[in-house]
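Trainee: Generate coordinates for the sequence data below:
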Amino acid sequence: MVLYGVAALAVCMLMGTLAGEYLGEALGVDANVGGVGFAMIMLVFATHWLRQKGKFPEASEQGVLFWSAMYIPIVIAMASTQNVYKAVTGGPMALLAGLLALVAGFALVPAIARIGGRGEPLPPLTEAAAEADTEAGTATEKQGA
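Mentor: You can find the predicted model right below:
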């Protein structure tokens, strides 16, 4: 069953790569434009649809999770080094655009943090953790008194 999850990932990757190649060709760029992004979006939609239909068991999901845990960081690292190289060799406009995006991202952190309210803490995973939290709360109350 893990194999089905890996197969879903492979099919989405192939379709995303083709979409990126065709988009690059349509834009007149000799490169794959957004193929990995298309693949990940397709994978999200495909797995969601399969889960709704009850045709994506837990074992298949583990296959997707395994490869996504290994694959996504590698692709991000490869893309980031390529983008830095292009920015450095592309001149000051590319560097300025990157710096502006970085500053805008940092500036938006407080605004995004204000969205929504404070939630309640998650419950402990085990009974031992619950007991430890209770004991820690009691010890804190005694220190404060």
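
Trainee: quick one: the helices in the protein?
Mentor: Taking DSSP state H as the criterion, the chain contains helices spanning 2-27, 35-53, 58-90, 92-113, 127-144.

Trainee: Going by mean pLDDT, which of those helices comes out lowest?
Mentor: Of all the helices of the chain, helix 127-144 carries the lowest average pLDDT, namely a mean of 64.

Trainee: Show me the one of the helices of the chain that comes nearest G119.
Mentor: G119 lies closest to helix 92-113 among the helices of the chain, at 12.9 Å (CB to CB). Using the backbone N, CA and C atoms, a C-beta is placed for each residue, glycine as well.

Trainee: buried ones in that closest one?
Mentor: Neighbour-count burial for helix 92-113 flags G98 (criterion: 16 or more other CB atoms under 10 Å).

Trainee: okay, now F56: neighbour count?
Mentor: By other CB atoms under 10 Å, the residues close to F56 number 20.

Trainee: Next, the contact list for it, please.
Mentor: By CB atoms under 8 Å, 6 or more residues apart in numbering, F56 lies in contact with 4-5, 8, 47, 50.

Trainee: Now flag whichever of the residues you listed is closest to A69.
Mentor: Closest to A69, out of all of these and judged by CB to CB, is G5, at 12.1 Å.

Trainee: Can you list phi and psi of G116 for me?
Mentor: Here is the backbone geometry of G116 (degrees, to the nearest 10): phi 80, psi 170.
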